[in-house]
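Chemist: for reference, the sequence and a predicted model appear below.
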Amino acid sequence: MDSAPAAAFLPPELYRSEAVAALERQHVATRFWHPVAAAADLPPGHVRALELLGLPVLLCHDSDGLVRAFRNRCPHRAVAFHEPTEGSVACRRLVCPYHGWTYDLGGTLLAAAREAEFVDPFDRGAWPLEALGCQVRASLIWVALGADPIPLDDQLDLPLQEAAKALSQPLVPLAFHRQTLACNWKIAHDNTLDDYHVAIAHPTTLHRMQGPVRHYSHRFGTWANLLATPWQDGETEFLTFGLPPWNHLLLWPDGRLALIQFLPENLTSCTMQVWLLGPEARKGEGGVLMAEMVSFLAEDRVLVESAQRGYGEGFRTGPPHRLEARILHQQAIYAALLEPWYASGRMPR
Ligand code: FES
Ligand SMILES: [Fe+2]
């Protein structure tokens, strides 16, 4: 696809409906992979608990080098093995804190307490941990919640075409930032795909990094899209990819990579997470480099929270601009995934 399809923006009703939020959860979130941690933050022989869209997840990095994800729920009585507050912890065996069922990091039950005394004969092999899709790509760990996600390489189609070499470099985490935004995730995602506002809303921050608007260049894949802007050296480019369902991947010519994610919380709030990765040599600069990003993200926060307050009854979106083509591209993907529910009348047009 050379250009985004001409269309109008999604109707504001989609941003206000609990029924739509439930459909997104069921039919959009489950089709994609979600970055959940920097790979280097989970060394071999470590595990880490986290929550993804309310689901308790356990990441396990076996000493064989494989990273796996499981539902963080003991098959016996549903208790979690570790808590998200613990971060990455060294671990050889997962021992449930309730009745002591013990698993290896591959999810196989090794032992249950008083195994000979179950009411019915006990079969260890019948009680593995529930595995989730898990892959390492671009120095991040990605988890899938559904049984039929699109291939991760499809979700990353354009980044892999345009920047395969940069994405294959092993990067270390330089900094991480998380905050809640008081807006629907779609307002935050739309805003980060919006190349129309940068010169106006970020004159001294992001606009300086991206340079003159006349040099912006857009590319569109089946799933991802790209804004390329010439870098200060005049030879290379700063790449900003929009990825479904709510992610953004930024690649600097100096080897830095940032992943910005807007996870839905409820209709009027989302969690923004930002991973900043880079070469080992830049570890000491993480704080300064993240502060640079947070300064333009703070400018965006004011705008997206204001837009949220305006998205109430009676609002109709204005006409899309050429520089908003990346918003239309991602919204077309969203609408196509939910088309069966449009057709059945369960979603507002
Ligand atoms: S809940 Fe885990 S052993 Fe009982
Ligand atoms: Fe912005």
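Modeler: Here it is on my side, so go on. Ligands and ions are numbered 1, 2, ... in the order given.
Chemist: count the neighbours of residue 325 for me.
Modeler: 22 (other C-beta atoms under 10 Å). Just so you know, the C-beta spots here come from the backbone N, C-alpha and C atoms, and that holds for glycine as well.
Chemist: these two touch, right, it and residue 218?
Modeler: Yes - applying C-beta atoms under 8 Å as the test, residue 325 and residue 218 come out as touching, 5.8 Å apart.
Chemist: which residue would be the closest one in the stretch 101-250 of the chain to ligand 1?
Modeler: Nearest residue of the stretch 101-250 of the chain to ligand 1: residue 101, at 3.7 Å (C-beta to the nearest ligand atom).
Chemist: buried set for the longest helix seen in the chain?
Modeler: Longest helix in the chain, counting residues (DSSP state H): helix 286-310. By 16 or more other C-beta atoms under 10 Å, the buried positions in helix 286-310 come out as 286, 289-290, 292-294, 296-297, 299-301, 303-305, 307-308.
Chemist: where does the residue of the stretch 101-250 of the chain closest to ligand 1 fall, phi/psi-wise?
Modeler: Per-residue torsions, residue 101: phi -60, psi 140 (degrees, to the nearest 10).
Chemist: so it is in contact with residue 73, correct?
Modeler: No - contact criterion C-beta under 8 Å: residue 101 and residue 73 do not qualify, at 11.5 Å.
Chemist: which parts of the stretch 51-200 of the chain sit against ligand 1?
Modeler: Within reach of ligand 1 by C-beta under 6 Å from any ligand atom, the stretch 51-200 of the chain has these residues: 74, 76-77, 79, 96, 98-101.
Chemist: for the stretch 51-200 of the chain, just list every one of the strands.
Modeler: 55-61, 67-71, 88-90, 94-95, 102-103, 109-111, 131-137, 140-144, 172-181 (DSSP state E, counting those that start in this stretch).
Chemist: for the longest one, list the C-alpha coordinates in CSV.
Modeler: What follows is strand 172-181 as a C-alpha-only set of coordinates in CSV (Å, rounded to 0.1, in the frame of the first residue of the first chain):
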residue,chain,number,x,y,z
VAL,A,172,20.0,-2.9,27.0
PRO,A,173,17.3,-1.0,28.9
LEU,A,174,18.4,2.6,29.4
ALA,A,175,15.2,3.8,31.2
PHE,A,176,11.5,3.0,31.7
HIS,A,177,8.6,5.3,32.3
ARG,A,178,5.0,4.6,33.2
GLN,A,179,2.1,6.9,33.9
THR,A,180,-1.7,7.0,33.7
LEU,A,181,-3.3,9.3,31.1
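Chemist: residues in contact with residue 246?
Modeler: 185-186, 188-189, 261-264, 270 (C-beta atoms under 8 Å, 6 or more residues apart in numbering).
Chemist: repeat that for residue 242.
Modeler: By C-beta under 8 Å, 6+ apart, the residues touching residue 242 are 189, 192-193, 224-226, 248, 326, 329-330.
Chemist: torsion angles phi and psi at it?
Modeler: Main-chain torsions, residue 242, degrees, to the nearest 10: phi -100, psi 130.
Chemist: look up how far residue 36 lies from it.
Modeler: 19 Å (C-beta to C-beta, to the nearest Å).
Chemist: only alpha carbons, please: show stretch 242-255 as PDB.
Modeler: This file holds the C-alpha atoms of stretch 242-255, laid out as PDB (Å, rounded to 0.1, in the frame of the first residue of the first chain):
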ATOM      1  CA  GLY A 242       2.900   3.100  14.500                       C
ATOM      2  CA  LEU A 243       1.900  -0.500  15.300                       C
ATOM      3  CA  PRO A 244      -1.400  -2.100  16.100                       C
ATOM      4  CA  PRO A 245      -3.100  -2.200  18.400                       C
ATOM      5  CA  TRP A 246      -1.700   0.700  20.500                       C
ATOM      6  CA  ASN A 247       2.100   0.700  20.100                       C
ATOM      7  CA  HIS A 248       4.800   3.000  18.700                       C
ATOM      8  CA  LEU A 249       8.400   2.100  17.900                       C
ATOM      9  CA  LEU A 250      11.000   4.900  17.600                       C
ATOM     10  CA  LEU A 251      14.400   4.200  16.100                       C
ATOM     11  CA  TRP A 252      17.200   6.700  16.200                       C
ATOM     12  CA  PRO A 253      20.200   6.500  13.900                       C
ATOM     13  CA  ASP A 254      22.500   6.300  17.000                       C
ATOM     14  CA  GLY A 255      21.100   2.900  18.000                       C
END
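Chemist: kindly format the C-alpha coordinates of stretch 37-45 as CSV.
Modeler: Extracted as CSV, the C-alpha positions of stretch 37-45 are listed here (Å, rounded to 0.1, in the frame of the first residue of the first chain):
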residue,chain,number,x,y,z
ALA,A,37,9.5,-6.2,29.4
ALA,A,38,13.0,-5.5,28.1
ALA,A,39,14.6,-8.9,27.4
ALA,A,40,17.8,-7.9,29.2
ASP,A,41,15.7,-7.3,32.4
LEU,A,42,15.0,-11.1,32.6
PRO,A,43,18.3,-13.0,32.6
PRO,A,44,18.5,-16.8,32.4
GLY,A,45,17.3,-18.5,35.5
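Chemist: avg pLDDT for that stretch?
Modeler: Across stretch 37-45, the average pLDDT comes to 97.
Chemist: how about the closest residue to residue 252 other than its chain neighbours, secondary structure?
Modeler: Distances taken as C-beta to C-beta, 6 or more residues apart in numbering put residue 238 closest to residue 252, at 5.8 Å, once the chain neighbours are dropped. Under DSSP: H, G, I helix; E, B strand; the rest coil, residue 238 falls in the strand class.
Chemist: I am finished for the moment; much appreciated.
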